[in-house]
Every structure is written in structure tokens, then in C-alpha cells.
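In: only geometry, no sequence info:
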């Protein structure tokens, strides 16, 4: 990985350039590198700045390049439609794959590297050789306006059919992202979000307004009851006060008789006066209590701050003490380790001395090394013989394997040839089935029921007869009637009757059958040898032109005398009168005619008739039975030979294993002999090494006494520091104790002051209530008559208010508060709704102006491309409702035939080729308006007819090879002949296989030099 990063840095250093001088647009792909990715072990692709045609046979790895572009630029595996896990894109058998994409940018290119790990399906990202996160990579790609998830920019092979399945809305969004300005798609998203918020706010305002109206109606119903309740309450309170005043007035009227009432009145007056006088000092005392509380609180805070400061210092001292304790423990631990180390050293010294003593004793007791060389030489001689025998066996095995491979190759050839012959028979059966269906049905029954017949049965003659030369088939077919050509042949009459009973009576099939004569006619000789007829142009009798089973040949010789009907040539036709007069033949064949000769019963002269031969229909496909029989026999011989070879190989393998076992045994024996000879030298060497180790151990001795003294010195110094810290800590503790006592005292004083304040406030409140009651009491009438009249009046009024309770007032107050809150909330939401409507109006105007210009441009290009193909195509803006911005879309309508109307492009209406052409032309319309740096289209020409494919390719070349246009990748397994090409095109041929040259060995200069040298040699 480090080497790869160094290479990337080297590429970066070379990749400085000037945008104005480079043919690449910013964001174009300069280089694609793959390692252990899908079909590639190592591969590097360097596309051109304009049209790149990636060409190669199926399965070579064209789409692997597309996958590398997608995954290397942070695309998701699911978008490619191949696999849902990125680890599945690593080459089989590898644990890690790498994709590296170099993108053009000024002043230096950007190199994005993705390492894909099969384990856990994880990826590691690098930008310009430095580790990066996926988010950082996505931000870099977004800055270059690369959208590998946009079908208008990136159309992989498995997604070509999905383009026409895009809804109008999805097509609009994909087009906006591909060629629209950045703010256009942003405006569209804002409009959709604003509209969604507007709907939510409208529904919310409507809902809340309805709730508010209902609440106001309920409050209005409660309002009268509440007012009546308050009025009733006033009357009841007044009645209560009057009833309290009435006894006082009675006491006042009868004060002579009731001194107690007078005293009570005087007392009440005094209390009233006392309450008024007492109110002022209580207020003053409450204020003094509050001031006292504030002073105490300030003192408490100051005291707490000082305590906190001292506590912090104490904690620091305690931490320092703990640190000193840790230092002491570390010193002790270090000394214990030294002590353990010394103990281990002493143990190792003892163990080493014991081992040296044991080896020395073994060395002393060991006899002088005996001479083992004769035994070793004998073992070597035996090993050499074994190796020679094993070499001979290996040669025999190689020869047998070569023979076996040759035999297997010959067996395969025979099987293939037999398959060809069987295919010819199958063709003849299909011909029979097509022309004579009943005969074919009877044939199927016969094959399944051969056990019902006593003797051999033959299938229809057109299947059994095999013409040796297909050019002779016409003679046979013109000589044998069609009924007999499709007739079954039997050797006995009983079998024929059994067959006809089944097929005629039971299956109702129209089938012919014949019975061969019992006497053999197949061996009959012709009336004269064929050699005597050569001078007339005859070259064979009919019987010699074909093969057939004995029953069929017997029947044909008997019925048609095929053994005595000669076949001639054009020479025979030219001297036909002479042939008829001199030969005395009854039937003869020339090259193209058949002659029948009869002797007149009256004149005794020869009468001849001739007919032109009909073309053969049944016997044109023939099987050479001799060849088939020879092939079957040869195949059986080969199988027997293979069995024999397998037996011989098994014997040789067994012998090979036995020799290998002996070889291992002899090698172990040799090894033991060598070890016995080397044991003394090994012991001397080991003892010497152990002595060296022992001296080193003795030199590494540790002075524990010295180490102990050093540790004590360090501990004493630390303990001295600890004592100073303890002294400081005690001093701080002495300072903090009185502060804590003061704090407790202040807390107690604060508690008492708070309690006093609360008591005064309670007494002040009680006195205030009593004062108000006394003042109200003084305003009531002072005579019994007035009180009784007033009391009766108030009771009468109070009795008018029935069915009222305090819960009505509580509910009214609660509802009133809720109405106020809801009104404020609703007012805020209405203001927010108005803001959204204003924003929608502003954004809509900006978006629609940009959108209409974009669609007009796309429509112009799209219509122009369709017109050049003598077809019609349109692109327009589709909307169902002006306010539903999420349902705006692009509608594509096409017409490929002059007699039809414009139809919307859908996955179902147009044919596969029409959908492909429409998709390609739409993408080309976007190409000229393109804002994205490159476009990828994978195998889109597969559904086109040659005419449309040629037209579309011409348009692609013309569109993608213009100056300063974006990069274009066209992936295809094949191209038509004589297509137009442009100097700005780059054609990338993809080859793959086990014999491909490694990338680092590819040297074009060396190839050209070799080509020139070969050219000079050929001249």
C-alpha cells in the first residue's frame, strides 16, 4: 500500500496543468485504475476528453469499468443492480480490491482511492494519497457536480430498462441535477418544502380556528352563569355579614340590660384600633427581618467561598501526598524487580551449570566416532537405484497418460460424429412427422411395443434406406412409390396383421405395411454384369446406390427389381435408342429421366416411355450405416483400451507409492546415520555456547545492597517532602475548622431569621384580613329594623339564583385562559403562514423562469434529433395542479410512424428499440446542455435495429466530439461496419484472459519498434 501511495504522489506531481489549455473539462475522468476488482487483477484505463467508445466481447470486463467508475466515486452498489454488498465486487479468491479514479481539476488533479475489504464489507478512502472519510469524498464529488446516482448522467447496463420507468417527477429532478443550474434544483426543493409547510400550517390554522370558535362558544355559554354566580355570591356574603351584625345591634339597643354586649362592642372597637396601630410596626419588623436575612446570606456566601478555597488547597496537598506514596511504591517495586531479576539470574546460572555437566558427562562417555561412511554409501546406492526406478515409472505413467489422452480425444471425436449421424436420423424423423403424422404416431407405438412381435420389424422405408450419395436419392424415390416409402416392413404375415389391427382398428391411423417375401431376393444377381453396360454410360444398378436392412432390401429386389435396374448418365440419354434396341432392359435411368420399355404383343417391337425425374424429398439426408457401425466398433475398442490403460496406471501408481515409501525409509535411515556422526561435534558446540552464556550471566550480576541503599535514599527524600506536605495540610485544616463553625452558626441564624420573617408575614396577613372585615362591618346598618329589611331583601335576591356552583367559575376561568393562549398561538402561526406564502411566490417565479428556459432548450435539441430520423419527438412541462410542486414533471412524447399520433414514452406502449432510441436521443439532448463533467451509457444500442443504431451513433459522434463538451462513455459489445469516426474519439478495446500482458509490461514504443523491424524484414 505504501508503494501505491508513492506512485499516486508521483502522479500528482506530474498532474499540474492549465484549464484553458487542457481539452478536459473540470471533473472529467483522466485515469481509472483497478486491482483485484471483478474480472481484473490489475488494469489501468486512460480515457480521452470527448467521446470514449469502450468495445469488447461479452464477459471481457466492459461493465466492470462502469462499476469501477460508480463505486470509485462513492456510488452505492445497489444502483448498479448487480449486488447489494460492495465486498462482492472484489475478485473471487481475493480479500481486498482497489479502485482509483483520477479526476481533472486545476491546478492539480484529484485522485480518489477506494480500498474494498471483503471482511465486514468495509471500505477505506483516500484523497490524493491521504486518508479521508466517505463524507469528505462525497463533498469533493458534489463540488465537481458528479452524480453517479442520476440516470441522466450515469446509465449502467442493468439500469437501461429503468430509464423509461422513471416517473415524470423523477425525470424532472434527474434533468435538473444533470443540466440545470445549481440553484434551480435548490429552488425546486425549497418550493416543495415550503408547500409542505404551507399545507401543514393551513391545516393547523384551520384546526385551531375551529377549536377556538368552539371554545368561545362554550365560554359564552358559561359567561351568564358565572355572572349570576358572582352576583349570588355577593348577596350570600352580605347576608352572612348582616346576620353577624344583627346580634351586635341588638346588644347595642339593650346595652342597659346587656352590659356584656356593650363591653363586646367596646372591645371590638379597641381591637379595631389596636389592629390599625399594630399594622405599621409589623411591616417595619418584616423589613428589618429581610435586611437581616440578606446580611446573613452575604456572610454565608463569603464564608463558603473561603472554605471552598481552603478545601481545594487541602485536596491538592492530599493529591500530592498520594503521588509521593505512589513514588515510594514504584521505588519499592523497582527494587523488588531487581531482586527477582537477580534470583532468576542465579537460577539460570545453576540450570546452565547442570546442563553443561550433563552434556560433558555424555561427551566423556561417548566412544570415539565409528566409521559410518560404508553404511551411508550403501544407503546412497540403494537410494540411487530407487530414484532410477521411480524415474522409469514416471516416464511410463507419462506415456500411458498421453496414450489415454489421445484415446479420450479419439473417443470424443467418435461420439461427436455419432451425434451428427443421429441428428441426421432426427431430421428424417421430423420430415416424416411433418408429412405423414399418422405414420409417425404408428412409429412411436412400434418402438414402445417391439416385444409384441415374433420377428424383426422395420420402420418406414424412408427411414431405413440410406443413400450413399445424396445426388442419387432422386433415382430411389422415383423408382419406389410414395406409399411404399412410408410403409412398415415385416418378415412374417402374422406380425403385420398384429400391427395393422392395432393401428387401423384401435388407433384409426392411416398407415401402410408390407411383408417381405420368405424367399431371399436380396442376393439375386443382375441379368448381366454392370461392366458390360459401361459402354452405354451406365455406372451402377439401383441396389448399389443405397443401404437398407435385409427385409427391406429383400422386398425392394422382389417388388421393384432394384438389383436389375441400371443407372446411366447423359451419355446414356444421348444414345437411348441404341440402348433400348441392344440391351433388352425393361427399366433404365439416365441423368434426368426414367425410361420404361415394353414389348408390343402385336408387333413384337419395343415400346418406350420416359418421364422427367422429380426432385428427392425424403432421402436427401442419409446416414452411412457402414461408417456408423465402424464408429461404434471403434468406440467400443477405445473403451476397452481405456480400461486396460487404467488398470496399468493403477499398477504403476501402486508401485510408485511403494517406492516412495522405501525412499522415505532410506532417507530417514541416512539422516539417523548422519546425526550419529554429528552428535559429538554438536555437543562440543553446545557446551561452548553454554559456557559463553554462563560467563554473560555472571557478568550481569546485580549488587542488591547498593540498590537497597539507593532506594532508601530516594524514599527518605520523598518522606521528607511528605512531612512538609502534612504540615501544610494540618495548617490548612486548622484554618478551615473555625470557618466551618462560623458557617454553621450563620446557617442557624439564617434559619431563625427566616422563621421570624415567615411568622411576621403570617400575623400581618391575618391582621389585614381582620381589619378589612371590621371596616366592612362598620358600613352595615346600625338598627334592627334596617338590618332585618336589608337581610330579607338580600335573601330574596339570593333565592333567585338556583343551580349554580363554584365549578362553573373554575371552568370559565380555565377556558378563558386557554382561549387567550390559543389566540396568541394562532396569530403566530398565521404570520408564519403568510411568510411561507410570500417565500413561495418569490421562489416560484425564479424557479419557473429557469425551468421553462431549460425545457425549451431540451425540447429544441430533442425535436431536432428526432426530425433528423424522420420521426417526431417533444419534451414539455407536465403539472396536475399549479400549487403541487412535488407533482411537476417532464413528459416525453414520441411518434415513430407517420400514421400514428404522439404518444407519451412509457415502459409499455413503445417497443424495446423505440424506447432505447428515445432514451439515447434524450441523453444526447442533455449532452449539449450538459453541466456534469461526464456521462456513461452502457450497452444501450442492443435493442436497436441496424438503421437506428447507425443514425444514433452518428448523432453521438457529432454531439460528443464538439469543442469543450463534456466527456462521454459509450459501452458496447459490437459496432456496425463503415460507421463515421472523429479524430477526437477514443476507442478503448477491452480484452481479457489468462494470457494477457501485465499493465506494467505494456510498452507502445517497444511494440512500434518491433513492428517497424518486422516490416523491414518482410520487405
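Out: Done, it's in. What you see is a predicted model, and the numbers here were worked out from it, not measured in a lab.
In: from now on I want contacts and neighbour counts done on CA atoms only, so please keep to that.
Out: Fine.
In: residue 630: neighbouring residues, count only.
Out: When counting by other CA atoms under 10 Å, one arrives at 13 neighbours for residue 630.
In: same question for residue 913.
Out: Counted with other CA under 10 Å, residue 913 comes out at 17.
In: helix or strand: which one has it?
Out: helix 912-928 (DSSP states H and E).
In: over to residue 495?
Out: Going by DSSP H and E, residue 495 is part of helix 493-500.
In: skip ahead from that helix and say which helix or strand is next.
Out: Past helix 493-500, the next helix or strand by DSSP H and E is strand 513-515.
In: so what's residue 750 up against?
Out: If a contact means CA atoms under 8 Å, 6 or more residues apart in numbering, then residue 750 has 293, 296-297 as its contacts.
In: residue 149: which of these is nearest?
Out: residue 297 (68.0 Å; CA to CA).
In: what helix or strand is the nearest residue in space to the closest one that is not next to it in sequence on?
Out: Spatially, and ignoring its direct neighbours in sequence, residue 297 is nearest to residue 750 (7.3 Å; CA to CA, 6 or more residues apart in numbering). Counting by DSSP H and E, the element that carries residue 750 is helix 704-778.
In: next: residue 375.
Out: Going by DSSP H and E, residue 375 is part of helix 373-435.
In: helices and strands around that helix, which ones?
Out: helix 437-448, helix 461-464, helix 625-699 (3 or more CA pairs under 8 Å, 6 or more residues apart in numbering; DSSP states H and E).
In: what's the most buried one of those?
Out: helix 461-464 (a mean of 24; mean count of other CA atoms under 10 Å).
In: where do the strands sit along the stretch 751-900 of the chain?
Out: For the stretch 751-900 of the chain, applying DSSP state E, counting those that start in this stretch gives strands covering 872-878, 889-895.
In: partners of the following helix or strand past the last one, with directions?
Out: Downstream of strand 889-895, the next assigned helix or strand under DSSP H and E is strand 903-904. Strand 903-904 has these partner strands in its sheet, going by DSSP bridges: strand 889-895 (antiparallel).
In: buried stuff in the strand it pairs with?
Out: For strand 889-895, the neighbour count (16 or more other CA atoms under 10 Å) marks 889-895 as buried.
In: one more: stretch 41-55?
Out: 41, 43-45, 47-55.
In: give me the contacts around it.
Out: So stretch 41-55 is in contact with 23-25, 28-36, 62, 91, 957, 960-962, 965-974, 984-990, 998-999, going by CA under 8 Å, 6+ apart.
In: same question, stretch 721-728
Out: With CA under 8 Å, 6+ apart, stretch 721-728 has contacts from 317, 320-321, 324.
In: residue 704 is in contact with residue 340, isn't it?
Out: No - the pair residue 704 / residue 340 is not scored as a contact, 10.4 Å apart, by CA atoms under 8 Å.
In: quick check: longest helix of this protein.
Out: helix 259-365 (DSSP state H).
In: the strands in the stretch 51-200 of the chain, which residues?
Out: 51-55, 96-103, 110-117, 122-127, 130-132, 154-155.
In: picking that back up, for the helix holding residue 750, the averaged confidence score.
Out: In this model, helix 704-778 carries a mean pLDDT of 75.
In: that one to helix 259-365, inter-axis angle?
Out: 160 degrees (axes from the mean of the first three to the mean of the last three CA atoms, to 10 degrees).
In: make 57 the starting number, not 1.
Out: Got it, the first residue is 57 from now on, which makes the last one we talked about helix 760-834.
In: nearest residue to residue 978 in space, please, no chain neighbours.
Out: residue 918 (6.0 Å).
In: against residue 1013, how distant is residue 981?
Out: 13 Å (CA to CA, to the nearest Å).
In: equivalent analysis for residue 794, please.
Out: Separation of residue 794 from residue 1013 (CA to CA): 97 Å.
In: okay, those two: which has more neighbours?
Out: Ranked by neighbour count (other CA under 10 Å), residue 794 and residue 1013 place residue 1013 first, with 21 against 12.
In: so what's the gap between the strand or helix carrying the more buried one and the chain middle?
Out: Element membership for residue 1013 (DSSP H and E) is helix 1002-1016. Distance of helix 1002-1016 from the chain centroid (CA atoms, centre = their mean, to the nearest Å) equals 33 Å.
In: before we move on, what about stretch 129-147?
Out: Worked out by CA atoms, centre = their mean, stretch 129-147 lies 4 Å from the chain centre.
In: buried sites along it?
Out: Quick answer for stretch 129-147 (16+ other CA under 10 Å): 129-133, 135-136, 142-147.
In: how much space between the closest residue to residue 143 other than its chain neighbours and residue 150?
Out: Leaving out its chain neighbours, the residue that sits closest to residue 143 by CA to CA, 6+ apart is residue 174, at 4.5 Å. Relative to residue 150, residue 174 is positioned 8 Å away (CA to CA).
In: can you map out the helices along the stretch 157-306 of the chain?
Out: 190-199, 224-235, 238-309 (DSSP state H, counting those that start in this stretch).
In: same for the second one, what does it pack against?
Out: With contacts defined as 3+ CA pairs under 8 Å, 6+ apart, helix 224-235 has these neighbours: helix 238-309, strand 945-951, helix 968-984.
In: residue 537: what's it in contact with?
Out: Applying CA under 8 Å, 6+ apart, no residues contact residue 537.
In: what's around residue 953, how many residues?
Out: Neighbours of residue 953 using other CA under 10 Å come to 11.
In: do residue 772 as well
Out: Residue 772, neighbours per other CA under 10 Å, totals 12.
In: for residue 1018, give me phi and psi.
Out: phi -80, psi 160 (degrees, to the nearest 10).
In: please name the nearest non-neighbouring residue to residue 949.
Out: residue 960 is the one closest to residue 949 (CA to CA, 6+ apart), at 4.1 Å.
In: so what's that neighbour up against?
Out: 947-950.
In: residue 494: which of those is nearest?
Out: Nearest member of the contacts of residue 960 to residue 494, counting by CA to CA, is residue 950, at 52.8 Å.
In: possible to save the helices and strands packed on helix 429-491 as JSON lines with mean pLDDT and distance to residue 471?
Out: Compiled in JSON lines, these are given as follows (pLDDT from 0 to 100; distance: least, CA to CA, whole Å):
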{"stretch": "helix 493-504", "mean pLDDT": "89", "distance to residue 471": "24"}
{"stretch": "helix 517-520", "mean pLDDT": "84", "distance to residue 471": "22"}
{"stretch": "helix 681-755", "mean pLDDT": "80", "distance to residue 471": "8"}
